[in-house]
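Novice: Give the three-dimensional model of this entry:
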Amino acid sequence: MKNSKGKVYLVGAGPGDCNLMTVRSQKLLSQAEVLIYDALIDIPQLALIPVTCQKIEVGKRGGKPSAQQQEINRLLVEHCQLGKQVVRLKSGDPFIFGRSSSEIQALIIAGCEFEVVPGISSAFAAPLLAGIPLTDPVMSRCFAVMSAHEPDALEWEALVRIETLVILMGGRNLSEIVWQLQKHGRSPETAIAIIRDCGRPEQQIWIGTLSHIVQQTTGESLSPCVIVIGEVVRLREFLIQPESTNMSHTPVTANTSQPLAGKTILVTRAASQSGQFSDRLQQLGARAIEMPALVIGAPSSWEPLDSAIDQMSSFHWLILTSHNAVDWFFARLQAKGKDARSLFGIKIAVVGKKTAESLRSHSLQPDFIPPNFVADSLVENFPDNLPNCKILFPRVESGGREVLVKEFTAKGAEVIEVPAYQSCCPETIDPIALAALQNQAVDIITFASSKTVHNFCHLIDTIPEFSLSQNWLEKVCIASIGPETSKSCQNLLGKLDLEATEYTLDGLTEAIVQWATKHQIHSCALEGT
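Specialist: So this is what the prediction gives:
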């Protein structure tokens with residue numbers, strides 16, 4: 001993004017949830033030198049900004065003071081001409097009621113380079129998040145989007161003939177909207193939905209009809225909201241999760257099935273392994289930011305593993321303690337022109353459900369899975385006589401625990417350790433993750449291995465530009481997948497807030513949900529005192 005001449009990016013922030021921003025928008029935010037933003041931009045999005053970035057709020061919230069458009073234009077040109085990388089962050093999409101034309105014209109006149117980056121408009125996101133389709137083969141063959149900031153300027157006679165209407169900036173003028181629609185022929189029983197704070201944890205929805213919606217929302221602050229009018233609103237009853245269905249005339253919170261709504265969670269797994277875990281957290285409402293603290297790659301030499309594969313028939317057991325070990329072992333087996341048939345007569349022990357699933361993906365069933373999903377319980381519960389038992393143990397090249405080999409050896413087994421892969425510390429931190437940490441916007445940090453704890457601490461302790469404030473850990477929940485990882489958290493971070501009961505990613509997810517629920521209940525109790 002660095003450009004000595006300066007450049008302005010007109011960026012769409014989306015409807016409010018950082019997870020609904022484009023990847024490019026998030027990247028530009030993480031590299032901005034100057035941020036000029038509207039008041040509607042959500043606080044979590046500002047947490048993505050580097051601490052060194054100059055932030056300038058220019059208002060644009062209805063009923064509150066805002067900078068004049070000419071002043072906004074001047075700020076954009078001025079900072080661009082100073083050689084800065086400027087992000088002009090707009091709610092939704094820059095070209096949908098974003099007033100971008102004036103800013104672009106000012107930049108063109110001044111000879112400033114610029115780029116427009118699209119965003120998801122609340123006009124489309126709010127109905128979708130509320131379970132309301134804007135089109136339907138029978139009920140809605142078209143829809144219109146409009147601003148009701150100046151309702152007198154709208155052509156109501158034409159609008160009432162359109163099956164579905166999507167109205168932005170209409171909360172303050174709801175009575176006028178309803179009156180105009182009925183005056184020009186729309187039935188009082190026409191369905192209407194008001195969606196406030198779409199895409200945020202506090203999102204609320206009112207469902208009603210034109211005849212009752214004003215009375216129904218009396219005393220409520222509706223802005224910022226999106227109003228949907230048309231029979232498609234009635235389809236919501238059939239298109240949302242059963243537990244969320246509520247057609248009453250009271251606000252409906254849309255995140256009842258999202259216990260992690262509003263939480264920002266840092267995931268420190270390797271980039272190749274974090275996807276499913278991050279996706280699950282996001283399904284539960286969290287904003288998951290990936291900060292890989294491991295880089296998985298080939299070992300420094302394949303010779304020890306190749307030699308073991310050539311002598312495979314001499315082993316009694318093969319022990320695999322991670323899905324990395326499974327993947328890299330079988331990849332090397334295939335590279336040598338062999339397959340699972342080479343393991344005929346050899347028993348296989350694995351640690352953990354995910355490791356077992358990885359093994360099954362190679363059409364093999366494990367002969368033994370220890371009950372506690374940790375390597376230590378392998379020896380305690382091993383189903384075979386260990387004296388004179390020859391075991392192949394493909395593992396990480398460095399940094400793995402030595403106790404397993406020592407205990408097997410002490411009981412008479414011959415353990416052949418071979419490096420199957422290597423896990424190293426990354427050289428840098430993802431800029432979005434770094435900005436979130438430096439802005440103290442992270443609620444939970446998850447660690448799925450001791451090595452991720454060590455590497456995380458190495459990055460933030462030894463690289464000056466990655467340093468954090470002294471009290472950065474004060475309000476952060478440290479979440480561990482199991483006992484050994486917990487020890488590393490205590491030793492290196494000085495705290496541990498939760499440990500999974502079942503030492504798996506599913507167990508870790510469940511523990512995080514329980515912690516968040518308990519934390520929310522405690523917060524509500526404090527507010528009520």
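
Novice: sec struct for the most far-flung residue of the chain relative to its centre, please.
Specialist: Within the chain, N388 marks the point farthest from the mean C-alpha position, 49.7 Å out by Cα atoms, centre = their mean. At N388 the chain is in coil, as set by DSSP: H, G, I helix; E, B strand; the rest coil.

Novice: Count the neighbours of the closest residue to it other than its chain neighbours for me.
Specialist: Nearest-residue entry for N388: G412, 6.7 Å, with adjacent residues in sequence omitted and distances by Cβ to Cβ, 6 or more residues apart in numbering. (C-beta placed from N, C-alpha, C; glycine too.) The number of residues packed around G412, counting by other Cβ atoms under 10 Å, is 11.

Novice: Next, give phi and psi for G412.
Specialist: phi 100, psi 0 (degrees, to the nearest 10).

Novice: N19 against R287, yeah?
Specialist: Yes: contact status for N19 versus R287: in contact at 5.6 Å, counting by Cβ atoms under 8 Å.

Novice: what's the residue nearest to N388 in contact with, if anything?
Specialist: 386-389 (Cβ atoms under 8 Å, 6 or more residues apart in numbering).

Novice: For this structure, spot the helix or strand the model is least confident about on average.
Specialist: In the chain, no helix or strand scores lower on mean pLDDT, DSSP states H and E than strand 252-253, which sits at a mean of 44.

Novice: Just the residues contacting the following helix or strand past that strand, thanks.
Specialist: Next helix or strand after strand 252-253 toward the C-terminus (DSSP states H and E): strand 264-267. The contact list for strand 264-267 (Cβ under 8 Å, 6+ apart) reads 44, 47, 274, 277-278, 281, 286-291, 433, 436-437, 441-446, 512.

Novice: chain center to strand 264-267, what's the gap?
Specialist: Distance of strand 264-267 from its chain centroid, counting by Cα atoms, centre = their mean, to the nearest Å, is 7 Å.

Novice: can you give me phi and psi for the residue nearest to F124 when sequence neighbours are not counted?
Specialist: Setting aside the residues directly before and after it, F124 is nearest to L134 in space (Cβ to Cβ, 6+ apart), at 7.3 Å. Backbone torsions of L134, given as degrees, to the nearest 10, read phi -80, psi -20.

Novice: mind listing the strands for the stretch 251-400 of the chain?
Specialist: Along the stretch 251-400 of the chain, the stretches classed as strands by DSSP state E, counting those that start in this stretch are 252-253, 264-267, 287-290, 295-297, 317-320, 347-350, 390-396.

Novice: how about TSV for those strands, with mean neighbour count added?
Specialist: TSV is the format used below for the strands of the stretch 251-400 of the chain (neighbours: other Cβ atoms under 10 Å):
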stretch	mean neighbour count
strand 252-253	18
strand 264-267	24
strand 287-290	24
strand 295-297	16
strand 317-320	24
strand 347-350	22
strand 390-396	23
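
Novice: Please name whichever of these is nearest to F238.
Specialist: Nearest of the strands of the stretch 251-400 of the chain to F238, taken as Cβ to Cβ: strand 252-253 at 15.2 Å.

Novice: circling back: widest-spaced pair of the contacts of G412?
Specialist: So, the contacts of G412 by Cβ to Cβ: farthest apart are L386 and N388, at 8.2 Å.

Novice: thinking again about what came up before, out of the contacts of strand 264-267, list just those in helices.
Specialist: 44, 277-278, 281, 433, 436-437, 512 (DSSP state H).

Novice: Sort out which one of the residues you listed lies nearest V160 for me.
Specialist: For the ones in helices among the contacts of strand 264-267, the nearest to V160 is P44 (38.7 Å; Cβ to Cβ).

Novice: Next, count neighbours for L496.
Specialist: L496 has 18 nearby residues by other Cβ under 10 Å.

Novice: hang on, isn't it packed against S480?
Specialist: Yes: with contact defined as Cβ under 8 Å, L496 and S480 form a contacting pair (6.0 Å).

Novice: okay, and the common contacts of these two?
Specialist: What both L496 and S480 touch, as defined by Cβ under 8 Å, 6+ apart, is the set 486, 489.

Novice: In the stretch 401-529 of the chain, where is pLDDT below threshold?
Specialist: 401, 521-529 (pLDDT under 70).

Novice: how about 80 then?
Specialist: 401-403, 463-467, 519-529 (pLDDT under 80).

Novice: Also the stretch 251-400 of the chain?
Specialist: 251-258, 262, 271-275, 371-379, 399-400.

Novice: let's see 70
Specialist: 251-257, 271-274, 373-376, 399-400.
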